[in-house]
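Chemist: Return a 3D structure for these sequence lines:
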Amino acid sequence: MKQFQLPSRIRLANLPTPIEPATRISREWGANIFIKRDDLTGSELSGNKVRKLEFVIAEAQKNGADVLITCGGLQSNHARATAVAAAKLGIRSYLVLRGEPSAINDGNILIDHLVGAQIRYISAEDYAARVDEIMEQSAAELSQQGYCPFIIPEGASNALGAFGYIEATREIATQLRQMKINIDYLVIATGSGGTQAGLIIGRKLFNQSYRVLGINVCDDQSFFVNKIGRICNDAIDQYQIPVAVSAADIEIIDGYVGEGYALNRPQEIELIREIAAVEGVIFDPVYTGKAMFGLREQILQARFRKTDNILFIHTGGLFGIFPKKELFSSSG
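Modeler: Numbers count the residues shown, from 1 in each chain. Now for the predicted structure:
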């Protein structure tokens with residue numbers, strides 16, 4: 001490992017999370033698949049976002065923050081994890097969410113309400129055009145009320161948040177060494193880019209030989225090559241990380257967004273049901289379910305050799321099942 005100074009960190013996640021063989025789908029699909037269970041980082045804090053928040057909230061605390069402001073979709077895992085973390089730390093959370101309030105709260109937004117988050121709903125158009133501006137306005141209003149707000153970007157996907165998965169790479173490397181497994185590919189669902197950025201930097205920093213593949217669940221390959229490259233280079237520059245990342249290091253498997261972000265085709269829902277039944281592992285319809293569908297299709301199209309070892313990171317999202325329960329009921 002190359003040496004550098006790790007930023008401040010607080011402990012929120014239950015780590016390390018296990019790596020488990022997915023023996024039955026491996027046999028059925030003709031592959032060697034392992035699952036890194038980052039859905040087990042916590043209960044209320046479940047998922048990949050808490051790894052990033054350990055670093056981002058440490059910075060917020062250094063700045064004396066007593067309100068965490070962030071944004072996301074109506075069922076944002078990141079917004080929920082931020083709200084839960086704030087409650088655990090005895091501070092407030094303010095969420096700017098894309099969508100409209102519902103008479104029935106379910107999934108992540110139910111938890112947002114349970115932990116006392118203040119929520120501002122905005123239209124999809126306003127979110128796309130000026131969510132950062134709206135968060136800044138909200139921060140100014142809270143400051144006038146005597147609070148000390150701290151803005152966390154969507155998905156905690158920035159230079160500091162990338163350290164969540166730089167450090168996860170260290171964890172993975174240790175586990176693989178102990179398990180005496182060499183992996184050829186590490187595969188994730190890519191939605192805001194920060195997790196893949198951290199894994200790419202971590203792979204270089206800890207001298208790992210596998211390739212990092214992101215299956216995008218929104219936008220397209222060009223968008224993520226640019227965004228992930230920007231996050232990587234910001235982290236490398238700001239924290240003097242002794243590695244270099246080029247566009248060639250950022251591998252995106254495009255073509256599995258399907259009907260659109262958070263929208264599902266029947267075959268995606270059916271795959272989630274199938275894996276749950278044979279592996280006892282539940283993937284979510286927004287991120288991991290789509291990415292696992294893409295991975296299966298790539299395996300069946302012979303992108304990988306039968307001898308390749310593939311590690312899929314389960315980034316959580318279980319609460320996203322419940323707002324879509326009608327889809328699962330109607331699919332059998």
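
Chemist: I'd say residue 22 and residue 283 touch.
Modeler: No: when contacts are counted by CB atoms under 8 Å, residue 22 is not listed as touching residue 283 (11.1 Å). (Each C-beta comes from the backbone N, C-alpha and C, glycine too.)

Chemist: out of the two, which sits in the busier spot?
Modeler: Set side by side, residue 22 and residue 283 show more neighbours around residue 283, with 30 against 21, by other CB atoms under 10 Å.

Chemist: For the nearest residue to residue 65 once chain neighbours are set aside, grab phi and psi.
Modeler: Distances taken as CB to CB, 6 or more residues apart in numbering put residue 150 closest to residue 65, at 3.6 Å, once the chain neighbours are dropped. Here the main-chain torsion angles of residue 150 (degrees, to the nearest 10) amount to phi -140, psi 120.

Chemist: where's residue 150 relative to residue 142, distance?
Modeler: Taking CB to CB, to the nearest Å as the measure, residue 150 falls 10 Å from residue 142.

Chemist: which of those two has more neighbours?
Modeler: Between residue 150 and residue 142, counting by other CB under 10 Å, residue 150 is the more crowded of the two (21 against 18).

Chemist: per-residue pLDDT, the more buried one?
Modeler: Model confidence at residue 150, expressed as pLDDT, equals 99.

Chemist: hang on, isn't residue 236 packed against residue 245?
Modeler: Yes: under the criterion of CB under 8 Å, residue 236 lies in contact with residue 245, with a separation of 6.7 Å.

Chemist: Give me the common contacts of those two.
Modeler: Jointly contacting residue 236 and residue 245 under the rule CB atoms under 8 Å, 6 or more residues apart in numbering are residue 201.

Chemist: re earlier: identify the contacts common to residue 150 and residue 142.
Modeler: Residues within reach of residue 150 and of residue 142 at once, by CB under 8 Å, 6+ apart, are 67, 69.

Chemist: pLDDT (mean, whole number) over stretch 184-196?
Modeler: Along stretch 184-196, the predicted local confidence has a mean pLDDT of 98.

Chemist: do the same with stretch 65-82
Modeler: Throughout stretch 65-82, pLDDT has a mean value of 98.

Chemist: again, but for stretch 161-179
Modeler: Model confidence over stretch 161-179 averages 98 on the pLDDT scale.

Chemist: and what of stretch 238-247?
Modeler: Per-residue confidence for stretch 238-247 averages out to 97 on the pLDDT scale.

Chemist: what sits up against that stretch?
Modeler: Contacts to stretch 238-247, defined as CB under 8 Å, 6+ apart, come from residues 2-5, 7, 159, 163, 166, 200-201, 204-205, 225, 229, 232-233, 235-236.

Chemist: Are any of those residues buried, and if so which?
Modeler: Buried residues within those, defined by neighbour count using 16 or more other CB atoms under 10 Å: 7, 159, 163, 166, 200-201, 204-205, 225, 229, 232-233, 235-236.

Chemist: Just give the number of residues close to residue 124.
Modeler: When counting by other CB under 10 Å, one arrives at 11 neighbours for residue 124.

Chemist: Residue 98 is in contact with that one, correct?
Modeler: Yes: the pair residue 124 / residue 98 is scored as a contact, 5.6 Å apart, by CB under 8 Å.

Chemist: Overlap of the contact sets of residue 22 and residue 283?
Modeler: residue 275.

Chemist: what are the phi and psi values for the residue nearest to the spatial centre of the chain?
Modeler: Here the mean C-alpha position of the chain is nearest to the C-alpha of residue 48 (CA atoms, centre = their mean), at a distance of 4.6 Å. Reported as degrees, to the nearest 10, the phi and psi values for residue 48 are phi -80, psi -20.

Chemist: Contact partners for it?
Modeler: With CB under 8 Å, 6+ apart, residue 48 has these contacts: 38, 41, 164, 165, 195, 313, 315, 316.

Chemist: quick one: which of these sit in strands?
Modeler: In strands, judged by DSSP state E, the following of these are found: residue 313.
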